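Colleague: Need coordinates for the below:
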Amino acid sequence: MSLWTRVALQDGNPFDAFSDFFTSGTWRLIVLLGWFLLGLLWLACAFWVFKDARRRIEDRVILVVAVLTGLVFGPMGAIVYAIVRPPEYLSDVRERELEMEVMERRLAEMQVCPHCHADVREDYLVCPNCTARLRGVCRTCRRPIEPGWRICPYCETQIGPTPDQTYQSAAR
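Modeller: As a prediction, this is how the structure comes out:
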């Protein structure tokens, strides 16, 4: 008979050392630390959901639902939140909206040359592309005036004939 067989028969069960370990205080400490770490992970997931949702969600009700999902379901709730969360931060959305507003204002102030269809600003007197005259200049205040205007809106200088003069010339 071998030495191991004799030791196993003398001691009884060779797995007694393992069973003694699982009933010891060390094992209970390891289990308690595991539960503590699991609880800490649970709260960390809920905190992450809260921090991220606050930057992405504007509606308070949806924010509370997202945080409760992270708190109640823990890591699985955080994964579900990560799947369904809005793709952009609120600050990015606001920045994009401001950029769009600035671009719309720029486009609103841009006009098109009636001759070559190039972009011109409303204060240009001539088209920089085809050099066609876009507006005249008031002889008194030197400000740009539109071709159809009969009077300068800035200094009230008469530009073209008045409607009475136009009517009288047409009647002759």
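Colleague: residues of the longest helix seen in the chain that come out buried?
Modeller: With secondary structure taken from DSSP state H, the chain has its longest helix at helix 25-56. Counting neighbours by 16 or more other CB atoms under 10 Å, one finds that the buried residues in helix 25-56 are W42, C45, A46, V49, F50, D52, A53, R56. Every residue, glycine included, has its C-beta placed from N, CA and C.
Colleague: I'd like the distance from it to the chain centre, please.
Modeller: Relative to the centre of its chain, helix 25-56 is centred 30 Å away, using CA atoms, centre = their mean, to the nearest Å.
Colleague: Mind listing what's buried along the helix or strand just after that helix?
Modeller: The first helix or strand that comes after helix 25-56 along the chain, using DSSP states H and E, is helix 60-84. The neighbour-count check on helix 60-84 (16+ other CB under 10 Å) flags L63, A66, V67, T69, G70, L71, F73, G74, G77, A78, Y81 as buried.
Colleague: From those, pick the one nearest C113.
Modeller: Taking CB to CB as the measure, C113 lies nearest L63 of the buried residues of helix 60-84, at 51.2 Å.
Colleague: Hmm, the closest one is touching I57, no?
Modeller: Yes: the pair L63 / I57 is scored as a contact, 4.8 Å apart, by CB atoms under 8 Å.
Colleague: From the recorded domain assignment, give the ranges for this structure.
Modeller: With domains defined by automatic domain parsing, the chain comprises 3-87, 96-131, 135-172.
Colleague: okay, those in CSV with mean pLDDT next?
Modeller: Rendered in CSV, the data for the domains of the chain read as follows (pLDDT from 0 to 100):
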stretch, mean pLDDT
domain 3-87, 87
domain 96-131, 85
domain 135-172, 74
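Colleague: hang on, the earlier thing: show me which pair in the buried residues of helix 60-84 is furthest apart.
Modeller: Between all members of the buried residues of helix 60-84, the longest pairwise span (CB to CB) is found for L63 and G74 and amounts to 18.3 Å.
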